[in-house]
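[1] the following block contains a protein sequence and its predicted model.
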Amino acid sequence: MCMCIRVLYYYKYLNTFKRLALRRLNCSCDDEFHRCLKNSKDGVGGKVGTVYFTLLGTQCFREDYPVVGCKSSTLTGHCLKYEFDTTKPKKYQWFDVPSY
């Protein structure tokens, strides 16, 4: 069973009248979910993985040095390798999840 409880809830304002509650997982949870889907024995895991990790452009959060750029990215613009400023303190930030 795939399960991780480190979730961040936040609200994104779409316009002045609507509000959408979104959830983003800690990057370690997304890594665990990715491994779980890869190890699944049925075709559903692959479909879920493709949608969640590749098509939706999902992001996760983790504490790391401040991002100053992207060293390598996919054709769709997802960052594969980040460039960090290691002279500054770590902080929580959004990161692109790996493709499936």
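    Sure, I can see it. These numbers were taken from a predicted model, which means no experiment stands behind them.
[2] which residues of this protein score low on pLDDT?
    1-23 (pLDDT under 70).
[3] list the buried residues of the longest helix seen in it.
    Criterion DSSP state H: the longest helix present in the chain is helix 27-38. By 16 or more other C-beta atoms under 10 Å, the buried positions in helix 27-38 come out as 27, 29-34, 36-37. In this view, the C-beta of every residue, glycine as well, is placed from N, C-alpha and C.
[4] now stretch 75-92
    Those buried within stretch 75-92 under the rule 16+ other C-beta under 10 Å are 78-79, 82.
[5] ok, those residues vs S72, which is closest?
    Set against S72, the nearest of the buried residues of stretch 75-92 by C-beta to C-beta is C79 (7.4 Å).
[6] if that closest one is in a bridge, with which residues?
    Note on C79: beta-bridge partners S73, judged by DSSP bridges.
[7] that one and K41, how far apart?
    As for C79, its distance to K41 is 31 Å (criterion: C-beta to C-beta, to the nearest Å).
[8] other SSEs contacting the helix or strand containing K47?
    Here K47 sits within helix 43-49, counting by DSSP states H and E. In terms of contacts (3 or more C-beta pairs under 8 Å, 6 or more residues apart in numbering; DSSP states H and E), helix 43-49 is packed against helix 27-38.
[9] can you pull out the strands in this protein?
    For the chain, the strands defined by DSSP state E cover 7-13, 19-25, 59-64, 67-73, 79-84, 91-96.
[10] the longest helix of the chain to strand 91-96, inter-axis angle?
    Relative orientation of helix 27-38 versus strand 91-96 (axes from the mean of the first three to the mean of the last three C-alpha atoms, to 10 degrees): 30 degrees.
[11] just checking, what packs against helix 27-38?
    helix 43-49, strand 59-64.
[12] export it to CSV, keeping only CA atoms.
    Output of helix 27-38 as CSV, limited to C-alpha atoms (Å, rounded to 0.1, in the frame of the first residue of the first chain):
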residue,chain,number,x,y,z
CYS,A,27,8.9,15.4,-2.2
SER,A,28,9.9,12.3,-0.2
CYS,A,29,6.2,11.3,-0.4
ASP,A,30,6.1,11.8,-4.1
ASP,A,31,9.3,9.7,-4.4
GLU,A,32,7.6,7.0,-2.4
PHE,A,33,4.4,7.2,-4.5
HIS,A,34,6.5,7.0,-7.7
ARG,A,35,8.3,3.8,-6.5
CYS,A,36,5.0,2.3,-5.4
LEU,A,37,3.4,2.9,-8.8
LYS,A,38,6.4,1.5,-10.6
